[in-house]
Every structure is written in structure tokens, then in C-alpha cells.
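Turn this into a model:
(one chain, ligands or ions: 3)
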Amino acid sequence: HVISDRFAILMNEFDENIIKKRLINISNKIKDKINTNYLFEIVVTQGVYKITDSKSNIAVYTDRAHVAQMAIKDFYSNDGINFFDETWEETDAMTFDIEHKQDNALKENQFHVYYQMKKNIKDDTWYGAEALVRWIDPIHGMILPGVFIPLFEKNGFVIKVDLYVFERVCQDLNEILSLGGKPLRISVNVSRSHLLHNNFLNQYFDIMRKYNISPDLVEFELTESMAYESKNILICVINEIHKFGSTCSIDDFGSGYSSLNMLKDISADVLKIDMGFLRASENEAKGLDILESIITLAGKLGMKVITEGVETKKQLYMLVEMGCDMYQGYYFSKPIPVDEFEKKYNIK
Ligand code: C2E
Ligand code: MG
Ligand code: MG
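Ligands and ions are numbered 1, 2, ... in the order given. Okay, here's the model as predicted:
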């Protein structure tokens, strides 16, 4: 049973080191006095708010100090002291702002699809392109998916966004093909949230039928984190994708707790190596060995390997040596809007 008392101190000091020293002094005194006489350990944690906005009142200041204290996860590191971070409130406001505006943004077509080319390494031809969503807000300008997708995964809105993106992709493809353009394989990111809904793939398949898109032009990017939910569901999803005639890849491989065991059970067509893994391996002998072994292993398991986030010639040469099949990255091209994409690659 934990019962805690709370005390507030108002200090006339702004230097974090001096504040910290005084607080450590206080907590040591409390601990010395109490811990020697009792069987239980007393833990002292302290949150600090440095008053930078003089317009609020004492209740707001102690609240912020309390928030800083509550944010301490490990009692034993940092001497149990935490300073309030001004960006926390901005993040909260931003979250509120995004969730507040999401429905309207979808209605007003503020979500846009950008395309990034993927290249085959061996013959320097195109393998396809990845569709990446951008939110272009009339006030904030472009918002990257790293900001809103994690939020939408929490509140469920990602399902609508993913399907919207897919519909736009099929529309774009249909237009390119009907104007006599070259067929190009497009991949879309599928959030793990879809797994909660039975037969979610039927919606994707219906959209493909609606725009008369041949299934082999679509690749679904799944993530290995989907296997945490349920490996069996992931296996079924991949089977269904294959039965329909499309392909799938495992995105962000090497970014989380990658399990080689998972590769044994899953028959994806492409393994996408996360750019963080490339960066971490690049300058380290062991890392390079692991990267090369994964590329070889994936080949043996019948998968192609693509590395994302390739930015330099050096990285590309390294991947060529290692026998990697495809690459994607700023070195060749950034994600760009569809009309620019069509012009740049002369697709139409
Ligand atoms: P991802 O699927 O792993 O996509 C790769 C990310 O790396 C993209 O970021 C891309 O712009 C970026 N990138 C590509 N080449 C380079 C490079 O050479 N250097 C660097 N520094 N970055 C590079 P982006 O577009 O910001 O997307 C971030 C993530 O958001 C994606 O990671 C994906 O997980 C998610 N996402 C994007 N679009 C969608 C979508 O329509 N639906 C869902 N569910 N998730 C999406
Ligand atoms: Mg992806
Ligand atoms: Mg990725």
C-alpha cells in the first residue's frame, strides 16, 4: 500500500544544477531520517517547474511541477528529480488540434498521396513505388505521417485514412494506365489496426475492382509488429493477399524486436530493411555481417530484399556487394506528388 504526502517549495533560483543540488540534499535528509528506523523504504520523488510564464497562478505552477513528478518512471535514476518540459503542453495541444480536425481534413481532401520510386539494383530498372500519405493543412502546411499516424492508430481513424489513400492510389494508377502509361507496381502501408477487423482486405479488393486495377500491381506493406497481435491472423492475411493475386512485404524489418523465427512462418514476397538498421550497421563490422546475413537468409527463404533510406553512394555500393535486390531512398528520389512523379519518370 502506498500513501504519499506532497509538499511544495518555492525557490528563488533558476540554475538547474543548483536546484538539483538543493533537492538532492532535501531528499537525502528525509531518507536518512526515516529509512534507518523502518522496515520499509521511503522513496522521495520531486518534480520541478521553472516559472517562465508569469501570467499564470500558483495552482498552475504546482500542477506543472506535479506533472513533472508523475512523469518519473524510474525512481532510482536521476535522483528521483524531473524538470517540467515546456514541449509537453505543446504536444497535448497539438494532439487535441489534430484529433479535432481529422474528420474535416478527410472531407476536404487535405490528405495527399506522395510517391517514392523503388529501384532494382541489378539492372537499374524500376521495381515500383511506395505511396506515402501527407496531410496538407491550410494553416500548418505539410504534416508528416510520423506526427499523425501514431495518433490515428490510437483513435482508430487510421483505418479511414488508409482506405482513402488506397482509393487515391487506384485512381492515380487507373488514370496513368488509361492514358497509355506504363504499368507500375505501387505499395501501400497497411496499419496494424486493420487486423482488428475481420475480412478488412475485402474493402481493399473492392476498391481494386472499382478502378479495374490488376492485383499484381498492388503490394501491401505489412509490419512485423502485426505478428505481435497474432501470428495466425497475419499468416491468413498474407494467404488472402496471395490468393487475390497481389504481393506483400514486411516493412521496417530490424526496427523492433525482429524475430528470425517469424520469417520461418511467414511467406512474404519482400523484406524491407528499416533505415535505422542500415544506419546502425553501416560503420560497424558486426552490424555489416548481420545485414549481409539477413540479405542472404531472406534470399534463401524465397524473399526479395529492399533496403530503405539509402542516401549515399557508399551505402548503395555496400548493398550491391551484399546482394541486396532493391533500394529506396533520397539518393535516388524523395517522395513527390503524383503529377511531379509522372513527369519525372515519364510514366504517362
Ligand atoms: P515507412 O513505410 O517505413 O516509409 C519510409 C519512410 O522513410 C517515409 O517517411 C519516407 O519518406 C522516408 N524515407 C525514404 N527514403 C529516405 C531517405 O533516404 N532518408 C530518410 N531520412 N528518410 C527516407 P514518411 O513518408 O514520413 O512516412 C513515415 C511512416 O509513416 C512510414 O514509414 C509508414 O510507416 C507511415 N505511413 C506513411 N503513409 C502511410 C499510410 O498511408 N498509412 C499508414 N498506415 N502508414 C503510413
Ligand atoms: Mg512503408
Ligand atoms: Mg519502413
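
Tell me how many other residues surround the residue in the stretch 101-250 of the chain that ligand 3 sits nearest to.
Nearest residue of the stretch 101-250 of the chain to ligand 3, counting by CB to the ion: E221, 7.4 Å away. From N, CA and C alone the C-beta is placed, and that goes for glycine too. E221: 18 surrounding residues under other CB atoms under 10 Å.

Mind listing residues that contact the helix or strand encompassing it?
According to DSSP states H and E, E221 maps onto strand 218-223. With contact meaning CB atoms under 8 Å, 6 or more residues apart in numbering, strand 218-223 is reached by 128, 130, 169, 185-190, 192, 204, 208, 234, 237-238, 241, 246-252, 268-270, 272.

ok, and the closest non-adjacent residue to the residue of the stretch 101-250 of the chain closest to ligand 3?
D251 (4.3 Å; CB to CB, 6 or more residues apart in numbering).

export stretch 237-257 as PDB, just CAs?
Extracted in PDB, the C-alpha atoms of stretch 237-257 (Å, rounded to 0.1, in the frame of the first residue of the first chain):
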ATOM      1  CA  VAL A 237      -3.900 -12.100 -44.300                       C
ATOM      2  CA  ILE A 238      -0.800 -12.900 -46.400                       C
ATOM      3  CA  ASN A 239      -2.500 -16.000 -47.800                       C
ATOM      4  CA  GLU A 240      -5.600 -14.000 -48.800                       C
ATOM      5  CA  ILE A 241      -3.400 -11.300 -50.400                       C
ATOM      6  CA  HIS A 242      -1.600 -14.000 -52.500                       C
ATOM      7  CA  LYS A 243      -4.900 -15.700 -53.400                       C
ATOM      8  CA  PHE A 244      -6.200 -12.400 -54.800                       C
ATOM      9  CA  GLY A 245      -3.000 -12.100 -56.800                       C
ATOM     10  CA  SER A 246      -1.200  -9.200 -55.000                       C
ATOM     11  CA  THR A 247       2.100  -9.300 -53.200                       C
ATOM     12  CA  CYS A 248       3.200  -8.200 -49.700                       C
ATOM     13  CA  SER A 249       6.200  -7.000 -47.900                       C
ATOM     14  CA  ILE A 250       7.300  -6.900 -44.300                       C
ATOM     15  CA  ASP A 251       8.100  -3.200 -43.600                       C
ATOM     16  CA  ASP A 252      10.500  -1.800 -41.000                       C
ATOM     17  CA  PHE A 253      12.300  -5.100 -40.500                       C
ATOM     18  CA  GLY A 254      15.000  -4.700 -37.900                       C
ATOM     19  CA  SER A 255      13.400  -1.700 -36.200                       C
ATOM     20  CA  GLY A 256      11.800  -3.600 -33.300                       C
ATOM     21  CA  TYR A 257      12.300  -7.000 -31.800                       C
END
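
Perfect, I'm done here.
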